[in-house]
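1. Okay, here's the prediction I keep looking at, along with the sequence it came from:
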Amino acid sequence: MIEMKSVNKWYGKTFQVLKDCSLSVAKGEVIVVCGPSGSGKSTLIKTVNGLEPINSGEITVAGTSITAKSTNLDRMRSKIGMVFQNFELFPHMNVTENIKLGQIKVLGRRPAEAETKALALLDRVGLAEQASKYPSQLSGGQQQRVAIARGLAMEPMAMLFDEPTSALDPEMINEVLDVMVGLAKDGMTMMVVTHEMGFARKVADRVVFMDHGEIVEDATSTDFFGSPRSERAQEFLSKIL
Ligand code: ADP
Ligand code: MG
């Protein structure tokens, strides 16, 4: 579903943020990306939907190149859901409107159909009661679940998550992770940047460990947690577990 081949990226002329990164994610697979702060995780995940351009290499999603000039990037992006650390809901729209907008503007659904879909998704993420509230009236965990529902409304081929629980109070982390576990069980292809190693152990098919712009390890979660090969991963795990 997602294929990255020898991806290189520089910020400016001198700083190489991604170094020869190759990775493939099969349909229905869940990949956790971890590593120290500044190692390039956010940049890597943003290249998958073209939010960050690359300097060389190749990225395809469901067989379509993200980097080819002929690709309609807006259309591709609408098929790859992205959930950020800070929710990024539209503050002036209520929860249902937030979930309807892309469906109407991008997919051309009729408002009534978009509404039905929005309400069904709100129910799926446990927020049926909050449908007419505004983002500011919700907790962080609830806002993040709305952001996930908004992504799902586009019927994405894959979902990308960049530290979706990092901005949340501890008591809200699980309500968001539970929704993500449900998605994984339903067969969604997911790439998740997270420090939640419990989630990685329980849900990830593979764990990718990055350091200084390189993919240092790409292992099954059993292997990664049981016997990380690199010293860098061992050191990282010893600090966070
Ligand atoms: P991570 O998500 O692993 O913390 P990032 O991908 O955010 O890492 O950043 C990797 C490195 O690239 C960091 O050193 C960061 O300071 C740098 N960086 C990130 N975005 C930019 C940018 N737009 N311009 C220049 N440097 C950047
Ligand atoms: Mg980051």
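-> Received, thanks. Numbering: from 1, shown residues only. Ligands and ions are numbered 1, 2, ... in the order given.

2. which bits of the protein sit near ligand 1?
-> For the chain, the residues in contact with ligand 1 (Cβ under 6 Å from any ligand atom) are Y11, V17, G35, S37, G38, S39, G40, K41, S42, T43. Heads up, the C-betas are built off the backbone N, CA and C, glycines and all.

3. which residue packs closest to the last one, ignoring adjacent ones?
-> Closest residue in space to T43, ignoring its immediate chain neighbours: V17 at 5.1 Å, by Cβ to Cβ, 6 or more residues apart in numbering.

4. Just the buried positions in the one helix or strand in the chain whose mean pLDDT sits lowest, please.
-> When the helices and strands of the chain are compared on mean pLDDT, DSSP states H and E, helix 73-78 comes out lowest with a mean of 87. Within helix 73-78, the residues that count as buried by 16 or more other Cβ atoms under 10 Å are M76, R77, S78.

5. immediately after that helix, which helix or strand?
-> Once the chain leaves helix 73-78, the next helix or strand it forms, by DSSP states H and E, is strand 80-83.

6. average pLDDT across that following strand?
-> Per-residue pLDDT over strand 80-83 has a mean of 95.

7. where along the protein do the helices fall?
-> 41-48, 73-78, 95-105, 111-124, 140-152, 170-185, 197-203, 221-226, 231-240 (DSSP state H).

8. looking at those helices, which is closest to K27?
-> Taking Cβ to Cβ as the criterion, helix 170-185 is the member of the helices of the chain that comes nearest to K27, at 12.7 Å.

9. the inter-axis angle of that closest one versus helix 140-152?
-> 20 degrees (axes from the mean of the first three to the mean of the last three Cα atoms, to 10 degrees).

10. Which strands or helices does helix 170-185 pack on?
-> On a contact count with 3 or more Cβ pairs under 8 Å, 6 or more residues apart in numbering; DSSP states H and E, helix 170-185 meets helix 140-152, strand 189-193, helix 197-203.

11. What residues sit buried inside the last one?
-> Using 16+ other Cβ under 10 Å as the test for burial, helix 197-203 gives M197, F199, A200, V203.

12. Mean pLDDT for the helices and strands packed on helix 170-185 - can I get that in CSV?
-> Formatted as CSV, these follow (pLDDT from 0 to 100):
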stretch, mean pLDDT
helix 140-152, 97
strand 189-193, 98
helix 197-203, 95
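
13. Dig out what the residue nearest to F84 when sequence neighbours are not counted forms beta bridges with.
-> Distances taken as Cβ to Cβ, 6+ apart place D162 nearest to F84, at 5.4 Å, with adjacent residues excluded. With DSSP bridges as the criterion, D162 is bridged to V193.

14. Nearest to A167 among the buried residues of helix 73-78?
-> Checking those against A167 with Cβ to Cβ, the nearest one is R77 at 22.8 Å.

15. Quick check: closest non-adjacent residue to R229.
-> E217 (6.1 Å).
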